[in-house]
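Participant: Please work out how this folds:
(one chain, ligands or ions: 2)
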Amino acid sequence: ADEKAALKERIRDLLTAQNAVLVAHYYTDADLQALAEETGGYVADSLEMARYGTESSADTLVVCGVRFMGETAKILNPEKRVLMPDLGATCSLDEGCPAAAFTAFCDAHPDHSVVVYANTSAEVKARSDWVVTSSIALPIVEHLAAKGEKILWAPDKHLGHYVERMTGADMLLWDGACVVHEEFKSFALERVRKLHPDAAVLVHPESPDEVVDQADVVGSTTQLIKAVAEMPNPEFIVATDAGIFWKMHQLAPHKKLIPAPTAGEGATCESCAHCPWMAMNALQNLEKVLQTGDQEIQIDPGVRERAVLPIQRMLDFAR
Ligand code: 13P
Ligand code: SF4
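Facilitator: Numbers count the residues shown, from 1 in each chain. Ligands and ions are numbered 1, 2, ... in the order given. The predicted model follows:
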């Protein structure tokens, strides 16, 4: 414990010396989330992380999360240095949507507006008309559908299908998925719900349809955290990455939080819904990157110039 306290103290000093600030996602390690809050940084969902970077006066943003979050920060703040504890922290949605194949898909459907989820590379964003996150996908697609636009959606088919069902928009879907949320099992969830009849079911929309269908609240990480704080239920069954429990517990310490099952019939799983790439962020490599500066996000200026437009469009819409 003393060692950890000393490590945190060294990181604090490095942050101050470099006018650097931590921007962490709710799925990262609890120590990182706590340190971000203690040092004047921020813990948030992916939309708020993007917005926070543009409002911060720090010279360096240290993005604790996955690669697309660091890239979005750099695209929006090219004058700032953007570091990550490990640039290898990717995302199965990003990996499953290579820019060349995606461009060909868009070229084959020129009459569609291109809406991409934030969990994509800078190159894919550069080919899009709109970027969305899970917290703002529904109102943006509703807005486009009301104008009669047909939509090409990538990469998450589960979120895309949910948006399609909710808005009635005409959507063509890319075939991508989040390896973490895809593991939630609907039959096992039904069993857990029967065991906890007073629990509200909270589901991130990257989950399969049959899991989303059982939800009382479907939303982004911030929206699910708000539900725990605001809903009267004493218990919550939560279908998203277990990293979120730290903030939920902080805001609602007396409520019981039950992880939705990722394994077979009737089983519950205490810790297995956890993104392997989010888990690559730790205090140790955070200290290291602040010492060496070697995990710095770089974006090709031509790509940046195009990618900033659909991201800024999202931020303006969200205002
Ligand atoms: P949020 O925008 O809801 O934080 O989601 C990001 C993410 O990667 C979920 O898996
Ligand atoms: Fe990507 Fe899923 Fe990890 Fe989120 S939880 S970063 S969508 S792999």
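Participant: who's in contact with Y52?
Facilitator: For Y52, the contact set (CB atoms under 8 Å, 6 or more residues apart in numbering) comprises 23, 42, 44. All C-beta spots, glycine's among them, are computed from the backbone N, C-alpha and C.
Participant: now do K247
Facilitator: The contact partners of K247, taken as CB under 8 Å, 6+ apart, are 26, 33, 43, 225.
Participant: likewise I237?
Facilitator: With contact set as CB under 8 Å, 6+ apart, I237 has these partners: 189, 192-193, 196, 199-202, 258-260.
Participant: what's the closest of those residues to S220?
Facilitator: The shortest separation between S220 and any of the contacts of I237 is 11.0 Å, and it belongs to L202 (by CB to CB).
Participant: got the phi/psi numbers for that closest one?
Facilitator: Backbone torsions for L202, taken as degrees, to the nearest 10, come to phi -110, psi 130.
Participant: and what of D111?
Facilitator: Backbone geometry at D111, expressed as degrees, to the nearest 10, gives phi -90, psi 10.
Participant: try D2
Facilitator: Main-chain dihedrals, D2, degrees, to the nearest 10: phi -60, psi -40.
Participant: Quick check, pLDDT for the residue most central in space within the chain.
Facilitator: Centroid-nearest residue in the chain: S46, 4.6 Å away (criterion: CA atoms, centre = their mean). Listed pLDDT for S46 reads 97.
Participant: Just the contacts of K247: which are in helices?
Facilitator: If you go by DSSP state H, these have 33, 225 in helices.
Participant: nearest to ligand 2, of the contacts of Y52?
Facilitator: Ligand 2 lies nearest to A44 out of the contacts of Y52, by CB to the nearest ligand atom, at 13.8 Å.
Participant: Isn't that closest one up against L22?
Facilitator: No: in this structure, A44 sits apart from L22 without contact. The criterion is CB atoms under 8 Å, and the distance is 11.1 Å.
Participant: Among those two, which residue is more densely surrounded?
Facilitator: Taking A44 and L22 together and counting by other CB atoms under 10 Å, L22 has the greater number of neighbours (28 against 24).
Participant: packing partners for the one helix or strand that one maps to?
Facilitator: Using DSSP states H and E, L22 falls within strand 20-25. Counting contacts by 3 or more CB pairs under 8 Å, 6 or more residues apart in numbering; DSSP states H and E, strand 20-25 is packed against helix 2-17, helix 30-38, strand 42-44, helix 46-55, strand 60-64, helix 67-76.
Participant: Name the residues that touch that strand?
Facilitator: Outside strand 20-25, the residues that touch it by CB under 8 Å, 6+ apart are 14-15, 32-33, 35-36, 39-46, 49, 52-53, 56, 58-66, 69, 73, 83, 221, 243, 278, 281, 286, 290.
Participant: before we move on, the earlier item: show the buried residues in the contacts of I237.
Facilitator: 189, 192, 196, 199-202, 258-260 (16 or more other CB atoms under 10 Å).
Participant: Pull the contacting residues for G53.
Facilitator: 23, 61, 63, 72-73, 76-77, 80, 82.
Participant: nearest to D170, of those residues?
Facilitator: Nearest to D170 among those, counting by CB to CB, is T72 at 27.5 Å.
Participant: The closest residue to H143 other than its chain neighbours: how many residues sit nearby?
Facilitator: Distances taken as CB to CB, 6 or more residues apart in numbering place F317 nearest to H143, at 7.3 Å, with adjacent residues excluded. Using other CB under 10 Å, F317 has 13 neighbouring residues.
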